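Peer 1: any chance you could fold what I've pasted below:
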Amino acid sequence: MRITIEEMAEQFKLLGDKTRLKIVSILYQKEMCVCHLVELLETTQPNISQHLRKLKDAGLVQEERRGQWIYYSLHIEDKPHLNDALQYLPHLAEEVQEKINTMVCE
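Peer 2: Here you go, the predicted structure:
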C-alpha cells in the first residue's frame, strides 16, 4: 500500500508531540492499558485518553477490550516508514522498563 506525502506528514506531525511520542515508545515495547500509561507518564487519565484517541484516529494505535480493561498496542505493521523511525527511539529508563514488566490491571 502506498502512502501519500500528506498522510505521512500527518503521522509524523502526531509523533512530534512529546507525550504521544512517549506513549508510542512505551507501546513499542509492550501493549498497555490507560491506567498504566497514566502511572508511567505521571499525568491524568483524560490527557492520556485524548492522546490515544488521536493516535487511534490516525491508525497508529489499536485497542482491544479484555473484560473491563482496554489495552492499547501499536498498529504500524502497514507503516514501514514509522517502524523504521521508531527503531531509533531512545531506550526507556531501566526503572521505567522494570515497572512496565511488573504492571497488571487491577
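Peer 1: and the residue nearest to the spatial centre of the chain, helix, strand or coil?
Peer 2: Nearest to the geometric centre of the chain sits residue 24, at 3.0 Å (C-alpha atoms, centre = their mean). Secondary structure for residue 24, judged by DSSP: H, G, I helix; E, B strand; the rest coil, is helix.
Peer 1: got a list of what it touches?
Peer 2: 15, 55, 60-61, 74, 86, 89 (C-beta atoms under 8 Å, 6 or more residues apart in numbering). For every residue, glycine as well, the C-beta is placed using N, CA and C.
Peer 1: and the next helix or strand past the host helix or strand of residue 52?
Peer 2: Element membership of residue 52 [criterion: DSSP states H and E] is helix 45-57. Using DSSP H and E, the helix or strand that directly follows helix 45-57 along the chain is strand 61-66.
Peer 1: picking that back up, pLDDT at the residue nearest to the centre of the chain, what is it?
Peer 2: The model reports residue 24 with a pLDDT of 94.
Peer 1: how far off centre is the lowest-mean-pLDDT helix or strand in the chain?
Peer 2: Here the helix or strand of the chain ranked lowest by mean pLDDT, DSSP states H and E is helix 94-102, holding a mean of 73. Relative to its chain's centre, helix 94-102 lies at 16 Å (C-alpha atoms, centre = their mean, to the nearest Å).
Peer 1: now do stretch 48-62
Peer 2: Centroid separation between stretch 48-62 and its chain, computed with C-alpha atoms, centre = their mean, is 8 Å.
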